[in-house]
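Colleague: Need a 3D model of the sequence below.
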Amino acid sequence: MNRVMVQRTAILAGAAFVLAGSSAIRAQEAPKPGPEHKKLEYYVGKWSSESEVKANPMMPSGKYSSKDDCAWFQGGFALQCRSEGAGPMGPMKSAYFLGYSNEDKVYTYYGVDNTGMVPTTVSKGTVQGDTWVYTDESKMGGKLVKSRYTIKQLSPSAYSFKWETLGNAGAWSTVLEGKSTKAQ
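Modeller: Below is the predicted model of the structure:
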């Protein structure tokens with residue numbers, strides 16, 4: 001066999017391998033959202049929130065209100081939400097994702113806002129009945145802060161929420177507490 005024939009044979013064999021591989025890939029079905037992802041359906045829609053920021057070292061206390069709009073991100077595995085509001089620190093805008101990690105078997109939250117706060121971790125959550133609890137550990141003002149965010153579904157169109165941080169004495173302190181209602 002001459003060199004040209006060997007090269008052609010190698011090219012044809014390679015092409016056959018690629019075609020066989022691509023048909024195997026097409027035969028596999030795209031992943032589909034599971035029941036854990038479907039639980040996030042509760043948060044789809046437009047929500048209005050009223051809350052009270054408690055005195056804390058991270059921000060001034062006062063009233064906070066916001067409007068959130070959450071929709072399924074392409075594929076149905078996560079929600080993409082946008083929020084606009086106003087509080088003791090002035091106007092606020094944020095974007096965040098709610099999802100479920102099949103790998104870690106936890107719900108996830110990741111968001112950014114216009115105050116420059118960019119978390120270095122993803123909050124991880126669990127759900128028990130109508131109560132969702134997200135926890136994380138991130139830096140705020142140069143200090144490592146443990147947070148807990150609890151959501152209690154009150155009805156199909158309302159939930160209460162509370163954000164707490166763990167203090168040096170090992171006790172949880174409330175930073176923010178409020179209620180959200182779904183637009184009709």
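
Colleague: the strands in this structure, which residues?
Modeller: Counting by DSSP state E, the chain has strands at residues 45-53, 62-72, 78-87, 90-101, 106-113, 123-128, 131-140, 143-155, 158-166, 172-182.

Colleague: ok, Phe77 - contacts?
Modeller: Contacts for Phe77 (Cβ atoms under 8 Å, 6 or more residues apart in numbering) come out as 31, 33, 37, 99-100. All C-beta atoms are positioned from the backbone trio N, CA, C, and that covers glycine.

Colleague: Just the closest of those residues to Cys70, please.
Modeller: Proximity of the contacts of Phe77 to Cys70 (Cβ to Cβ) peaks at Gly99, which lies at 11.8 Å.

Colleague: Please produce CSV containing the strands of the chain, extended by mean neighbour count.
Modeller: Shown next, in CSV, are those (neighbours: other Cβ atoms under 10 Å):
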stretch, mean neighbour count
strand 45-53, 16
strand 62-72, 16
strand 78-87, 17
strand 90-101, 16
strand 106-113, 17
strand 123-128, 16
strand 131-140, 16
strand 143-155, 15
strand 158-166, 17
strand 172-182, 17
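
Colleague: okay, the ones you listed in TSV with mean pLDDT next?
Modeller: Below are the strands of the chain laid out as TSV (pLDDT from 0 to 100):
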stretch	mean pLDDT
strand 45-53	96
strand 62-72	96
strand 78-87	96
strand 90-101	94
strand 106-113	93
strand 123-128	96
strand 131-140	90
strand 143-155	93
strand 158-166	95
strand 172-182	95
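
Colleague: Tell me the spatial nearest neighbour of Asp130, not counting adjacent residues.
Modeller: When the adjacent residues along the chain are set aside, Asp130 lies closest to Gln153, with 4.1 Å between them (Cβ to Cβ, 6 or more residues apart in numbering).

Colleague: how is the chain carved up into domains?
Modeller: Using automatic domain parsing, the domain parsing of the chain gives 1-30, 35-182.

Colleague: How many neighbouring residues does the residue lying closest to Pro60 once chain neighbours are set aside have?
Modeller: Excluding its sequence neighbours, the residue lying closest to Pro60 (Cβ to Cβ, 6+ apart) is Pro88, at 4.1 Å. By other Cβ atoms under 10 Å, the residues close to Pro88 number 13.

Colleague: which residues sit in contact with Pro88?
Modeller: With contacts defined as Cβ under 8 Å, 6+ apart, Pro88 is in contact with 53, 59-64.

Colleague: now do the same end-to-end measure for stretch 51-62.
Modeller: In terms of Cα to Cα, to the nearest Å, the two terminal residues of stretch 51-62 are separated by 9 Å.

Colleague: List of residues touching stretch 105-119?
Modeller: The contact list for stretch 105-119 (Cβ under 8 Å, 6+ apart) reads 36, 40, 78, 81, 89, 91-101, 122-127, 132, 134, 136, 138, 140, 149.
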